[in-house]
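Asks: need coordinates for the below:
(one chain, ligands or ions: 1)
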Amino acid sequence: MNTPQEPRVSRKQDVLVDVKHLKKHYPIEKSLFGRTTKVLKAVDDVSFQIVRGETFGLVGESGCGKSTTGRSIIRLHEVTSGEILYDGNDLAHMSERELLPFRKRMQAIFQDPYSSLNPGMTVMQLISEPLEIHGYSNRAERKEIVLQLLSKVGLKSEHAERFPHEFSGGQRQRISIARSLAAKPEFVLCDEPISALDVSVQAQVINMLEDLQGELGLTYLFIAHDLSMVRHISNRIGVMYLGKLVEIAPSDELYTHPGHPYTKALLSAIPIPNPRLVTSRRNLLQGDLASPLEETTGCKFRSRCPFAVGRCAEVEPEMREVSPGHFVACHLND
Ligand code: SF4
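Replies: Numbers count the residues shown, from 1 in each chain. This is a model prediction of the structure:
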């Protein structure tokens, strides 16, 4: 019988982000006497590590807690409990003042670049702003850096004086990426950065992110709602379901030997471009995500799992290492 294990990487690897038992709960109902009666457990005891220089993909359906996890790690949210060791420093309960030196080192790119770019500012102003915040007081120096960043993300110097509405969705995401790189971060949260883009543009943005990673030595946490998007860019992938991590594995291993029924179901839901193969494959992902407000015992996936047995209703499965670096939380692997 496999014993439960924390999903940790080898000791030889240089861990930049070490998340331990992270919880983010939202009280959503109170009694007349002010006591919390209902809690939404958006992130519920999540542990994983991100190695310096890698891309860690985090996937799951909408509402599974992946974005809340990412935003908690860079402390855009307060966290309920747990540790977020960033280069050995626990960010989880730092004050805003204590976080300041880390803010520069961690940046984010979001799904909708239009809403994260002030429409009244030119590209030059948008990318200069973080430079000013982080101490670049010389205007000529800032201009020079902005032009270099525009070139890095495939835009031209004449784009600097234009406004966000004058660009396509893909170009706006390039501006967001340039803005996030202005502070010279080492860690970037990529929160569904390609989900709102045309399929033809998605590959260009992914390739650009990979090139920038190689050139600047960046570490990414890349969040996406389906597995087809993250395979290409991720070294390792974590799969989340209702606030829990259910599987972590190296990218190729996850695709060739998925261990959790939910991962298998997500893989079966990836569209196949060949119509002759479509009929031979069955989408295993049935039903909707259960309500995160329901207090359940046992495995949270059991209402949708075709392999559930009696034990699944009683005991919550814990992570077990099924092959080197491959962790699965399912009783089928006990
Ligand atoms: Fe399915 Fe049981 Fe495994 Fe949960 S623990 S995924 S219900 S077999």
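Asks: and the nearest residue to Met94 once chain neighbours are set aside, how many neighbours?
Replies: Closest residue in space to Met94, ignoring its immediate chain neighbours: Arg75 at 7.2 Å, by C-beta to C-beta, 6 or more residues apart in numbering. (Glycine included, C-beta is placed from N, CA and C.) Using other C-beta atoms under 10 Å, the number of residues around Arg75 comes to 20.
Asks: how about Ser157?
Replies: Using other C-beta under 10 Å, Ser157 has 13 other residues around it.
Asks: what sits against it?
Replies: Shown in contact with Ser157 (C-beta atoms under 8 Å, 6 or more residues apart in numbering): Leu147, Leu150, Ser151.
Asks: hmm, 10 Å instead?
Replies: When contacts are counted by C-beta atoms under 10 Å, 6 or more residues apart in numbering, Ser157 touches Met124, Lys143, Val146, Leu147, Gln148, Leu150, Ser151.
Asks: same question for Leu91.
Replies: Contacts of Leu91 (C-beta under 10 Å, 6+ apart): 17, 72-75, 79, 83-85, 98-99, 102, 106.
Asks: any of those buried? List them.
Replies: For the contacts of Leu91, a burial check counting by 16 or more other C-beta atoms under 10 Å picks out Val17, Ser72, Ile73, Ile74, Arg75, Val79, Glu83, Ile84, Leu85, Phe102, Met106.
Asks: show me the beta-bridge partners of the last one.
Replies: Taking DSSP bridges, one obtains Phe187 as the residues bridged to Met106.
Asks: how far away is it from Glu83?
Replies: From Met106 across to Glu83, the span is 16 Å (C-beta to C-beta, to the nearest Å).
Asks: then the fourth one?
Replies: Using C-beta to C-beta, we find Ile74 at a distance of 15 Å from Glu83.
Asks: same thing with the third one?
Replies: Distance, Ile73 to Glu83, using C-beta to C-beta: 11 Å.
Asks: and for those two, which residues touch both?
Replies: Shared contacts of Ile73 and Glu83, defined by C-beta under 10 Å, 6+ apart, are found at Val19, Leu22, Leu91, Ala92.
Asks: tell me the one among the residues you listed nearest to Glu129.
Replies: Leu91 (23.4 Å; C-beta to C-beta).
Asks: filter the buried ones among the contacts of Leu91 down to just the ones in strands.
Replies: Val17, Glu83, Ile84, Leu85, Met106 (DSSP state E).
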